[in-house]
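A.B. asks: how does the following fold in three dimensions:
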Amino acid sequence: MCGRYALTATPEDILEFLSVIDIDDFPKRYNIAPTQPILLIVAGESPMPGSNVPARKAVLARWGFIPGWVKDPADFPLLINARAETAIGKASFRAAMRHRRVLVPASGFYEWHRPAKEEGGKAQAYWIRPRKGGIIAFAGLMETWSSADGSEVDTAAILTTHANAAIAPIHGRMPVVIQPEDFETWLDCKTQEPKAIEHLLKPVQPDFFEAIPVSDRVNKVANMGPDLQEPAEHAAPLPQPQSKKAKNGDQLSLF
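C.D. replies: Here you go, the predicted model:
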């Protein structure tokens, strides 16, 4: 899953990386948590100057997806993630997969390795960032929920997929990363049906991210400084995947 992430890039960097037409200034955020406002990139209506590609816009939404048919959010679970393997068919996400796909800019995300009960010990937090640095874009979905009194709130979820070989020892799920060359396809909800973009919903290559053990200060939402991403001094070594032979003499599998 993806339950915490960070966005520490400047507005200028986001403008350049995501070809957004405009963006308001905002502070660096080192510990973005569910129910907080998050930055989304959506396809605009008019094309960018000198191009046929629709201009992209930056909007804010609540991290916690609420389908349009929900009557009372208090009686509905908090949906911060959507499983990429099933989102197309799920009632909660079906409409958004067809009409409201978005990009979620990030600098990286946090994940926790929780040892088995018999092993003992506490969960170890990891700051997982691209090895080459810079900004990445998670696949996201957006929905505008309307209350009975007519008020509206934009909500969002991050799509996840099964973890690649590098992240699997920490957690079984990871966010879907959309590569820059696929931004237009992912955001194009007018001509690209959900089935046509399924190939984008896959784990990123194993060497894309690096995982850095950090202190448990990130566990508390109130902690928001850059020290959250500093390497922990006495962290347990990263667990190694358990290899096993596949059936029919196939190559070894990590899963």
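
A.B. asks: okay, now the unreliable bits of this protein?
C.D. replies: By pLDDT under 70, the low-scoring segments of the chain are 46-54, 118-120, 235-255.

A.B. asks: helices of that one, start to end?
C.D. replies: Ranges of helices in the chain, per DSSP state H, are 11-18, 94-99, 183-187.

A.B. asks: all the strands of the stretch 151-255 of the chain, residue numbers only.
C.D. replies: 152-162, 173-175, 209-214 (DSSP state E, counting those that start in this stretch).

A.B. asks: deepest of the ones you listed, which one?
C.D. replies: The highest mean neighbour count among those, using mean count of other C-beta atoms under 10 Å, belongs to strand 173-175: a mean of 23. Backbone N, C-alpha and C define where each C-beta goes, glycine included.

A.B. asks: okay, now the sheet partners of that one, with direction.
C.D. replies: strand 152-162 (antiparallel) (DSSP bridges).

A.B. asks: alpha carbons of the strand it pairs with, in PDB - could you do that?
C.D. replies: Taking C-alpha atoms only, strand 152-162 is exported to PDB below (Å, rounded to 0.1, in the frame of the first residue of the first chain):
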ATOM      1  CA  GLU A 152     -18.600  19.400  -3.000                       C
ATOM      2  CA  VAL A 153     -15.200  18.000  -2.100                       C
ATOM      3  CA  ASP A 154     -12.600  16.600  -4.500                       C
ATOM      4  CA  THR A 155     -11.200  13.300  -3.300                       C
ATOM      5  CA  ALA A 156      -8.400  11.000  -4.500                       C
ATOM      6  CA  ALA A 157      -6.700   7.600  -4.200                       C
ATOM      7  CA  ILE A 158      -3.300   6.300  -5.300                       C
ATOM      8  CA  LEU A 159      -3.200   3.200  -7.400                       C
ATOM      9  CA  THR A 160      -1.000   0.300  -6.100                       C
ATOM     10  CA  THR A 161       0.300  -2.900  -7.600                       C
ATOM     11  CA  HIS A 162       2.300  -5.800  -6.300                       C
END
